[in-house]
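Peer 1: Curious how this folds, go ahead:
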Amino acid sequence: QAIDESTEKYPSNKAVKDAISDKKLLAYENSRSVYCAGDTKVTLQNTDEVIRLNITDAATVSFDVSALTFPKTVYTVQIYVVFPNGAKTISLSATPSILWINNTVPDFYSGAPHWLVLRFLPNDSFVLMSDAGKVG
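Peer 2: Purely as a prediction, here's the structure:
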């Protein structure tokens with residue numbers, strides 16, 4: 001027998017539905033996925049918050065900052081690197097060049113998902129990146 005979860009039988013459901021409709025209880029970050037194999041250019045956009053890089057084959061990923069118009073002082077994006085077909089060779093570059101915080105370049109050899117953070121200021125001569133670590 002199916003359970004009747006209508007708001008008439010379960011008044012608490014109505015309270016939850018009202019709370020959700022009255023307030024924004026759930027939040028999400030604007031994200032997009034880029035499939036990477038071979039030479040892949042990722043043009044950064046003002047609205048990017050999370051970019052998922054799906055590394056499906058050996059890849060050279062280049063980040064392009066030319067489309068940014070800087071509605072904010074500093075542009076920041078989180079990059080989630082995943083390897084759906086197992087570990088692959090990956091090389092990261094940008095124009096201007098990447099400056100790694102503490103000279104710590106990420107190690108992708110395990111094939112585990114990995115988080116990076118990219119920051120760029122409009123007058124900088126580099127793209128600042130940090131390795132936020134692998135997942136797992």
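
Peer 1: What sits closest to Glu49 if chain neighbours are left out?
Peer 2: Closest residue to Glu49 apart from its sequence neighbours, by C-beta to C-beta, 6 or more residues apart in numbering: Glu29 at 4.1 Å. Quick note: C-beta positions are derived from backbone N, CA and C, even for glycine.

Peer 1: Spatially central residue in this protein, please.
Peer 2: Val50 (2.4 Å; C-alpha atoms, centre = their mean).

Peer 1: Please name the spatially closest residue to it (chain neighbours excluded).
Peer 2: Spatial nearest neighbour of Val50, excluding adjacent residues (C-beta to C-beta, 6+ apart): Ser31 at 3.9 Å.

Peer 1: Next, find the distance separating that neighbour from Leu99.
Peer 2: Per C-beta to C-beta, to the nearest Å, Ser31 is found 25 Å from Leu99.

Peer 1: same check, this time on Val117
Peer 2: 13 Å.

Peer 1: shared neighbours, these two?
Peer 2: The contact sets of Val117 and Leu99 overlap at Met129 (C-beta atoms under 8 Å, 6 or more residues apart in numbering).

Peer 1: picking that back up, list the contacts of the residue nearest to the centre of the chain.
Peer 2: Glu29, Asn30, Ser31, Arg32, Val77, Gln78, Ile79, Tyr80.

Peer 1: how much space between it and Ala37?
Peer 2: Distance from Val50 to Ala37, by C-beta to C-beta: 21 Å.

Peer 1: which residue packs closest to Asp124, ignoring adjacent ones?
Peer 2: Using C-beta to C-beta, 6+ apart, the closest residue to Asp124 is Pro96 (7.0 Å).

Peer 1: ugh, wrong one, I meant Val117
Peer 2: Nearest to Val117 is Ser130, by C-beta to C-beta, 6+ apart, at 4.8 Å.

Peer 1: Pretty sure the one you found sits against Ile98.
Peer 2: No - counting by C-beta atoms under 8 Å, Ser130 does not reach Ile98; the two are 10.4 Å apart.

Peer 1: Tell me where the protein has helices.
Peer 2: Using DSSP state H, the helices found in the chain span residues 11-22.
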